[in-house]
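Chemist: Give me a model of this one.
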Amino acid sequence: MAPARTSYDVVIVGGAIFGSSLAWWLTQMAGFDGKVLVVERDPTYEFASTSHTNSCIRQQFTAAINVKVSQFGAEFIKNFRQFMGDDPEVPHLALQSFGYMYLADTPEFAETLRRNQQVQMALGAGTKHLSRDEIAAAYPFYQLDDILAGNHNLIDEGYFDGGTMFDWFKRMARRRGVEYVHDEVIAITKAPNGKAVTSVTLKSGAVISCGTVVNASGPRALATAQMAGISLPVEPRKRYTFVVDAAQPLDRDLPLTIDPSGVHFRSEGKYYMVGCTPDEDPAVAYDDFGFDHSIWENKAWPAVATRVPQLDRVKVINEWVGHYAFNTLDQNAILGAHGEVGNFMFMNGFSGHGLQQSPALGRGMAELIAYGEYRSLDLTPFDYRRIEDGASMIEKAVI
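Modeler: Modelled structure (predicted):
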């Protein structure tokens, strides 16, 4: 179906978690009555990063803004129906707060965790710095011979039903007047002076005039930016996930364990979820979802069986590879307007943190579009200007 109009106040390129979060939040901005169009090339979202997420949330970051963003994310999840207007159709979302468990196998990393815990605690997070004996007492199934310390947080940190949150962002955005169209932006036209986008051209042939364009294209963010003559340090990288059934399940929840090997694993209902990066981690083509089956045997399973010997006998019941929208500068979100093309805006480069950050960053970008400023939480550390300046935002706790 073609767009109903030829001109919109806001055109959002990409309708996955960030495009839909922004679309819904724009409907919540008092005084904003602009027309909003979301252009999504694949409304099944089969290959979207959103569809391949592990739906986790943590406060164990080292940059204060990342901690605050996730704290609002937890508030949003726990009060989801209230945020959605107390609509009785909207389900309650549960936050399974079994926490992240970072394990340190060197004195240097143990000291880093200790410092990180102090930063997080000062911001109100419930992170605890644990000795090896304290970890063993709480979770006796770990093999800890090489571990010196760990950090763990049982408050508002764990996993949730990200698919349901995404679904209701879309539903409620549509109910409140946002238009979604199955199409693809193939060209962006700027004003003669190059200072603003004037229109986008769709694959269907439609030319849509726009007041603001938002790049919410996930791993395809660079391709969208390049249509406006803009560079962006975002590329797709593969991330592997395995869901396994254990012959001898544990007697308690397995925290989302960040093993020194780089493999992470957690409880997933009656099953267990395991994730990792490939040892070689290059950028890949946008449509490259080829699966390297050796990663399970050579990397993922050995790490799990070594750290949790009781899980040495497991059967893979599901597996997938998805793409991170990887920010090669500093693995943090890129938000805000371009320095010269002032109505071209970014929601990009989330590097695996996107789902948990979507409530706060969607709200912030909606405020920026509606009011010209952040009002709820100052998100300027994520501003695109740091990309132009080559100034990294330091976040030491990147998985």
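
Chemist: neighbours of the residue lying closest to Met227 once chain neighbours are set aside, just the number please.
Modeler: Take Met227 and drop its neighbours on the chain: the residue closest to it by CB to CB, 6 or more residues apart in numbering is Ile188, 4.1 Å away. Bear in mind the C-beta positions are built from the backbone N, C-alpha and C, glycine included. Neighbour count of Ile188, defined by other CB atoms under 10 Å: 24.

Chemist: same deal with Arg115?
Modeler: 12.

Chemist: so it is in which element?
Modeler: helix 107-122 (DSSP states H and E).

Chemist: Now do the buried residues in that helix.
Modeler: Phe109, Ala110, Thr112, Leu113, Asn116, Gln117, Val119, Gln120 (16 or more other CB atoms under 10 Å).

Chemist: Check stretch 129-142 too.
Modeler: Result for stretch 129-142 [16+ other CB under 10 Å]: buried residues His129, Leu130, Arg132, Ile135, Ala138, Tyr139, Tyr142.

Chemist: Pipe the residues you listed into CSV and attach pLDDT per row.
Modeler: Shown next, in CSV, are the buried residues of stretch 129-142 (pLDDT from 0 to 100):
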residue, pLDDT
His129, 98
Leu130, 98
Arg132, 98
Ile135, 98
Ala138, 98
Tyr139, 98
Tyr142, 98
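
Chemist: elements contacting the helix or strand encompassing Ala366?
Modeler: Ala366 is part of helix 354-371 when elements are defined by DSSP H and E. The contact analysis (3 or more CB pairs under 8 Å, 6 or more residues apart in numbering; DSSP states H and E) places helix 354-371 against helix 17-26, strand 56-57, helix 64-78, helix 162-175, strand 207-215, strand 334-337, strand 344-348.

Chemist: redo that, cut-off 7 Å
Modeler: Contacting helix 354-371 under the criterion 3 or more CB pairs under 7 Å, 6 or more residues apart in numbering; DSSP states H and E are the following elements: helix 17-26, helix 64-78, strand 334-337.

Chemist: and the direction of the first one versus that of helix 162-175, what angle?
Modeler: Put plainly, it is helix 17-26. Here helix 17-26 runs at an angle of 40 degrees relative to helix 162-175 (axes from the mean of the first three to the mean of the last three CA atoms, to 10 degrees).

Chemist: Let me see the mean pLDDT of helix 17-26.
Modeler: Mean pLDDT, computed over helix 17-26, is 98.

Chemist: Quick one: distance of it to the chain centre.
Modeler: Its chain's C-alpha centre and that of helix 17-26 lie 13 Å apart, by CA atoms, centre = their mean, to the nearest Å.

Chemist: Could you export it as CSV, CA atoms only?
Modeler: Below are the C-alpha coordinates for helix 17-26, written out as CSV (Å, rounded to 0.1, in the frame of the first residue of the first chain):
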residue,chain,number,x,y,z
ILE,A,17,12.7,-1.7,17.6
PHE,A,18,14.1,1.9,17.4
GLY,A,19,12.0,3.1,14.5
SER,A,20,8.9,1.8,16.3
SER,A,21,10.0,3.1,19.7
LEU,A,22,10.5,6.5,18.3
ALA,A,23,7.2,6.4,16.4
TRP,A,24,5.3,5.5,19.5
TRP,A,25,7.1,8.0,21.7
LEU,A,26,6.3,10.8,19.2
